[in-house]
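K.L.:
predicted model and sequence follow; I will ask about them next.
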Amino acid sequence: MARRERVMRMSVEQPLWRALAGYRVLTMLYAIGFFTTAWSGFARPWLAVAYYAVLFVWTLATLPKVSGAVSCTKGFLAADLTVALSGILLTPFADAHERVMDGGPTLPSIWTAGSVLAFAVKGGWRWAAVASTLVAVANLVERGTPARDTVHNVILVWVASIAIGYVVEVARASERTLARALEIEAATRERERLARDIHDSVLQVLAMVQRRGAVIGNEAAELGRMAGEQEVALRTLVSGGLVPVSRVSEDTAEGAVVRAVEEPEDDAPDGPVDLRALLAPYAGARVNLAEPGAPVPLAPAAARELAAAVGAALDNVRRHVGEDARAWILVEDEPDEVIVTVRDEGPGIPEGRLAEAEGEGRLGVALSIRGRLRDLGGTAELISVPGQGTEVELRAPKAPNTSMDTGSTARGKADR
């Protein structure tokens, strides 16, 4: 059977890395542009030119390093911060003393903030606090005195970097929580699908063996008793213990990942199928099928599941009303949805019986009918009046439901 892996990737961190890369380039060009307008006032312009050459090459060469958390290593962060600190400490030697004391910009200027922000995005607020503190110390050494504008800039970088680092940590935790929630949702849907398949096959066979064994007697009765015990055990497992192994969540550098391994049927058609063709086998001497004269197109998976739900409802009629009971199937093709109604002439369902059956682990209606329609994005309503039969109304939207498990099968039998 063909396997297909569907990957849902969630990352609020990646846009931050892209913004950081753009910020570094723009602030590098800003620092060089500012120097070109004021180079004549520098005491040693050649020293500034040498630094800006290094800054230009370093910024462009390290763009891949700030493309994600994996490539942004601790060694790169240390070297990047060294470039920023070196530029700050070289400023008194390259620029005029008067401009330095008047609060003029350092050689790297606001490019330094990009280095600190890289620490914040990579390691959170603690790494940002360490990097911004080192930048603060370097700025104080460069000025020689804690001037008001220097202290103002230092506090601004310190607070901003720590705040961004904290936001990144919260975002990462939220991604992991969301990935886990999606994993649990996928596991629940897979469990319900497997429960439907088991109910439609194994449980039905075990129930039949139990009934026939009790009728035949002797050794067959013992076999029937064992089959009944296994049916109860399997119902218990189905109702609460099945966990799929094809769902996994990860926390990678590119964000939280949820992988859903799907196993579509090899012979599944690519285009819509006519629902009438899937319902036609149910028609017979005791089952009357009323359908539109034109095709009723539905997505293949949706058509199979809807037909399986109809089969589950008819199986209920045979089991609880009798093999000779009459039933009617009505197909309505609406603009936005398909409505299939299954009605029988039985005694109806006693009030509270469905809830009681579900509590006993008999999940035919809950899974084989309602569960299938829920996966399709539709609804299943049961209307039963004592003495007047039962009516099951199935509504399936024509728009495909992308959250539906496409690997589900189309077998459908239910039990109340």
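P.N.:
Sure, I can see it. Small disclaimer: the values here were computed from a predicted structure and weren't measured. Numbers count the residues shown, from 1 in each chain.
K.L.:
show me where the stretch 301-416 of the chain has its helices.
P.N.:
With helices called from DSSP state H, counting those that start in this stretch, the stretch 301-416 of the chain shows them at 353-359, 372-376.
K.L.:
same question, the stretch 1-150 of the chain
P.N.:
Using DSSP H, counting those that start in this stretch, helices in the stretch 1-150 of the chain cover 14-38, 45-61, 74-94, 97-101, 111-123, 125-143, 148-198.
K.L.:
name the helices or strands packed onto the first one?
P.N.:
By that I understand helix 14-38. Using 3 or more Cβ pairs under 8 Å, 6 or more residues apart in numbering; DSSP states H and E, the elements in contact with helix 14-38 are helix 45-61, helix 111-123. For every residue, glycine as well, the C-beta is placed using N, CA and C.
K.L.:
buried ones in the longest one?
P.N.:
Translated: helix 45-61. 47-49, 51-52, 55, 59 (16 or more other Cβ atoms under 10 Å).
K.L.:
using CSV, list the CA coordinates for that helix.
P.N.:
The C-alpha trace of helix 45-61 is given here as CSV (Å, rounded to 0.1, in the frame of the first residue of the first chain):
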residue,chain,number,x,y,z
PRO,A,45,40.4,57.4,8.9
TRP,A,46,42.5,54.5,7.5
LEU,A,47,41.8,52.6,10.8
ALA,A,48,38.1,53.1,10.2
VAL,A,49,38.4,52.1,6.6
ALA,A,50,40.1,48.9,7.6
TYR,A,51,37.4,48.1,10.2
TYR,A,52,34.6,48.8,7.8
ALA,A,53,36.2,46.5,5.2
VAL,A,54,36.2,43.7,7.7
LEU,A,55,32.6,44.5,8.8
PHE,A,56,31.4,44.5,5.2
VAL,A,57,33.0,41.2,4.3
TRP,A,58,32.0,39.6,7.7
THR,A,59,28.4,40.7,7.4
LEU,A,60,27.9,39.3,3.9
ALA,A,61,29.9,36.2,4.4
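K.L.:
that helix vs helix 111-123, what angle?
P.N.:
Angle, helix 45-61 to helix 111-123, by axes from the mean of the first three to the mean of the last three Cα atoms, to 10 degrees: 30 degrees.
K.L.:
give me the residues contacting helix 45-61.
P.N.:
24-25, 28, 31-32, 35, 39, 42, 80, 83, 86-87, 90, 93-95, 107-108, 111 (Cβ atoms under 8 Å, 6 or more residues apart in numbering).
K.L.:
by how many degrees do that helix and helix 74-94 diverge?
P.N.:
Using the same axes, to 10 degrees: helix 45-61 against helix 74-94 is 160 degrees.
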